[in-house]
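# Sharing a sequence plus its predicted fold:
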Amino acid sequence: MKTDRLIPHPAFAPAKVQKIAVRWGRVRGQEMMLRFRLDGCESLVLPPRAEAGRADGLWQATCAELFLALPDGRYREFNFSPSGQWAAYDFHGYRTGMTAYEPSRAPRIETDQGLSVSTLTVFLPESEFAGVQFASLSAVIEEQGKRLSYWAERHGGEKPDFHNPACFTLAVP
């Protein structure tokens with residue numbers, strides 16, 4: 001297991017969320033776990049619980065994201081909502097050739113919200129990481145008043161852009 005810290009984009013400061021750390025690695029045989037821990041969640045807005053399954057537009061509210069660098073400049077994006085919904089897309093290049101991706105098994109998403117700490121835990125088949133060397137972790141956080149902040153291990157420009165290839169720097173555990 002390894003832990004990576006996310007930082008907010010300077011142009012979109014959070015209201016009360018102070019820290020996001022992601023603990024991720026292999027667990028229980030053939031699964032990968034990603035646990036996003038948010039500290040300072042007094043004003044966090046979570047989407048309502050929904051039927052688990054694929055949904056688009058999850059990035060418009062609180063959600064966690066995983067990007068995987070694939071061979072030949074391709075990459076894959078996963079969105080995980082505290083609602084229990086998820087999305088996955090393949091891209092042929094930077095923001096081009098987007099197609100829906102069907103994982104070998106749907107992600108399992110668990111959420112736990114306390115007074116000041118919230119966690120979103122995702123379980124994916126280990127096979128989703130086959131041949132992947134680099135990844136990027138990110139999160140969109142909505143707080144009261146529809147205030148959005150954009151968190152990543154690294155930001156690559158004046159605007160938040162999780163698709164920026166310069167952000168795919170994390171070694172896959």
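Nice, thanks for sending it over.

# Residue 172 against residue 129, yeah?
Yes. Between residue 172 and residue 129 there is a contact under C-beta atoms under 8 Å: 5.6 Å. Glycine gets a C-beta too; all of them are placed from N, C-alpha and C.

# hey, what's in contact with both of those two?
Both residue 172 and residue 129 are contacted by residue 68, under the criterion C-beta atoms under 8 Å, 6 or more residues apart in numbering.

# For the most centrally placed residue in the chain, identify the helix or strand it belongs to.
Taking C-alpha atoms, centre = their mean as the criterion, residue 65 is the residue nearest the geometric centre of the chain, at 1.7 Å. Applying DSSP states H and E as the criterion places residue 65 in strand 63-69.

# quick one: the strands in the protein?
2-8, 19-27, 31-39, 53-54, 63-69, 75-80, 85-91, 99-100, 108-113, 117-125, 134-143, 147-152, 170-171 (DSSP state E).

# Give me the buried positions along the third one.
Of the residues in strand 31-39, those with enough neighbours to count as buried (16 or more other C-beta atoms under 10 Å) are 31-38.

# Tell me the one of these nearest residue 50?
residue 36 (18.4 Å; C-beta to C-beta).

# Now do the contacts for that closest one.
Counting by C-beta under 8 Å, 6+ apart, residue 36 has contacts 20-22, 64, 119-122, 137, 139.

# Then residue 26?
Contacts of residue 26 (C-beta under 8 Å, 6+ apart): 1, 32-33, 126, 173.

# can you list the residues you listed in CSV and add pLDDT and distance to residue 153?
As requested, the contacts of residue 26 are exported to CSV (pLDDT from 0 to 100; distance: C-beta to C-beta, whole Å):
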residue, pLDDT, distance to residue 153
1, 92, 16
32, 97, 17
33, 97, 17
126, 94, 21
173, 88, 14
